[in-house]
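[1] sequence and predicted model, in that order:
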Amino acid sequence: MNPVSALYVPGDRPDRFDKAAASGADVVILDLEDAVAGDAKAAALDHVTAWLRGRTGGPAVQVRVNPGADHEIRAVRATGARVGLRIPKVEAPEDLGAVASLAPGLPLTALIESARGLEHAAAIAAHPAVAALALGEADLAGDLGSTADAVLDHARIRLLVAARAADLPAPMLSAYPRIQDLDGLRADTERGRALGLRGRTAVHPKQIPVIREVFAPTPEETAWAEAVLAALEHGGVATLPSGEMVDPAMLGRARAILGIR
Ligand SMILES: CC(C)(COP(=O)(O)OP(=O)(O)OC[C@H]1O[C@@H](n2cnc3c(N)ncnc32)[C@H](O)[C@@H]1OP(=O)(O)O)[C@@H](O)C(=O)NCCC(=O)NCCSC(=O)C[C@H](O)C(=O)O
Ligand SMILES: [Mg+2]
């Protein structure tokens with residue numbers, strides 16, 4: 001099953017790392033970039049590497065490094081921990097060259113956060129070290145000068161197409177910053193899910209249950225997917241008891257609902 005929730009925790013808050021790991025999120029993102037002030041970045045890197053060294057088990061972990069901060073990648077790699085790297089503000093595949101050579105084998109998530117990055121999303125997705133794309137909606141809104149839903153949806157769709165064309169998973173939605181507004185989080189996440197994006201990053205533990213609920217298949221979806229798989233066991237065309245015609249074109253969606261690849 002691909003992850004559907006990821007929780008950011010600032011790298012200079014080691015008191016919160018274990019809480020993030022126990023939050024129920026599928027992925028913990030230790031942030032060295034925008035959540036950490038400039039004068040706290042060196043200490044944050046020490047906290048992050050110490051925690052990675054001492055860690056045994058728990059959810060998947062990613063570290064969001066600063067753009068061009070090769071020393072951070074070396075330090076994370078030196079821990080020997082199996083982590084993903086989250087690379088912010090990627091605007092072209094060339095931005096990943098140094099990262100990929102410093103961290104061979106570590107899966108990269110490329111954050112697309114500008115118009116230029118969006119224009120090059122297909123080439124970025126095709127970079128062999130890239131395991132996933134993600135959108136940085138706050139930075140993107142700043143670059144585009146727009147927070148309109150239509151503009152955001154356009155960016156989400158473009159990122160989805162770029163990812164899928166490169167055989168990458170559907171991208172996760174970006175963090176929803178209004179922590180107290182869980183209804184707003186739910187509505188915006190449902191809109192993103194309807195577009196085809198899968199999963200969401202969070203900035204507070206209380207956002208995780210909402211995100212998980214939105215991406216859990218409904219009983220109706222599960223029943224439909226199981227019926228499709230049963231009806232198409234031998235291929236060809238079949239008719240479900242509901243009267244819906246199904247054929248192999250529906251298998252991809254049915255498998256995705258059931259978490260089967
Ligand atoms: C936003 C916060 C600073 C809020 O912190 P605070 O006001 O202290 O929260 P609470 O008092 O409600 O905390 C309640 C308990 O929950 C724990 N907690 C809170 N946040 C986290 C967390 N992220 N991980 C783990 N645990 C957390 C507290 O410790 C409390 O626990 P307890 O005392 O036991 O009750 C804070 O939530 C925060 O720092 N969030 C992460 C911010 C961040 O990383 N931002 C950067 C990523 S988003 C981004 O960059 C956007 C993107 O790039 C783009 O362009 O769009
Ligand atoms: Mg950003």
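    Perfect, thanks for sending it. Numbers count the residues shown, from 1 in each chain. Ligands and ions are numbered 1, 2, ... in the order given.
[2] return the residues of this structure in contact with ligand 1.
    7-10, 16, 19-20, 31, 34-35, 113, 136-139, 174-175, 179, 203-205 (Cβ under 6 Å from any ligand atom). Glycine gets a C-beta too; all of them are placed from N, C-alpha and C.
[3] tell me the spacing between Pro205 and Ile211.
    Distance of Pro205 to Ile211, computed by Cβ to Cβ, to the nearest Å: 11 Å.
[4] buried among the residues of the chain next to ligand 1? Need that as a selection in PyMOL.
    In PyMOL, this line selects whichever of the residues of the chain next to ligand 1 come out buried by 16 or more other Cβ atoms under 10 Å:
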select buried, resi 7+8+9+10+16+20+31+35+113+136+137+139+174+175+203+204+205
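[5] all the helices of the chain, residue numbers only.
    Using DSSP state H, the helices of the chain run over residues 17-21, 41-54, 70-78, 97-102, 115-119, 121-125, 137-144, 149-165, 182-195, 208-215, 219-231, 251-258.
[6] any chance of CSV for those, columns mean pLDDT?
    Listed next are these as CSV, based on pLDDT from 0 to 100:
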stretch, mean pLDDT
helix 17-21, 98
helix 41-54, 98
helix 70-78, 97
helix 97-102, 93
helix 115-119, 98
helix 121-125, 98
helix 137-144, 98
helix 149-165, 97
helix 182-195, 97
helix 208-215, 97
helix 219-231, 94
helix 251-258, 90
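[7] need the winner for burial among the ones you listed.
    helix 121-125 (a mean of 21; mean count of other Cβ atoms under 10 Å).
[8] now that helix, how far from the centre of its chain.
    Helix 121-125 has its C-alpha centroid displaced from the chain centroid by 16 Å (Cα atoms, centre = their mean, to the nearest Å).
[9] and if you look at stretch 76-90?
    On Cα atoms, centre = their mean, the centre of stretch 76-90 falls 14 Å from that of its chain.
[10] end to end, how far does it reach?
    In stretch 76-90, first residue to last residue: 19 Å (Cα to Cα, to the nearest Å).
[11] quick one: residues in contact with that stretch.
    Contact with stretch 76-90 is made by 27, 29, 33-34, 48-49, 52-53, 55, 60-67, 73, 95-96, 99, 102-103, 106-114, 117, 124, 131, 134, 136, 139, as judged by Cβ atoms under 8 Å, 6 or more residues apart in numbering.
[12] quick revisit: make JSON lines out of the helices of the chain and add distance to ligand 2.
    Formatted as JSON lines, those follow (distance: least, Cβ to the ion, whole Å):
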{"stretch": "helix 17-21", "distance to ligand 2": "18"}
{"stretch": "helix 41-54", "distance to ligand 2": "16"}
{"stretch": "helix 70-78", "distance to ligand 2": "16"}
{"stretch": "helix 97-102", "distance to ligand 2": "17"}
{"stretch": "helix 115-119", "distance to ligand 2": "11"}
{"stretch": "helix 121-125", "distance to ligand 2": "15"}
{"stretch": "helix 137-144", "distance to ligand 2": "4"}
{"stretch": "helix 149-165", "distance to ligand 2": "13"}
{"stretch": "helix 182-195", "distance to ligand 2": "17"}
{"stretch": "helix 208-215", "distance to ligand 2": "18"}
{"stretch": "helix 219-231", "distance to ligand 2": "32"}
{"stretch": "helix 251-258", "distance to ligand 2": "28"}
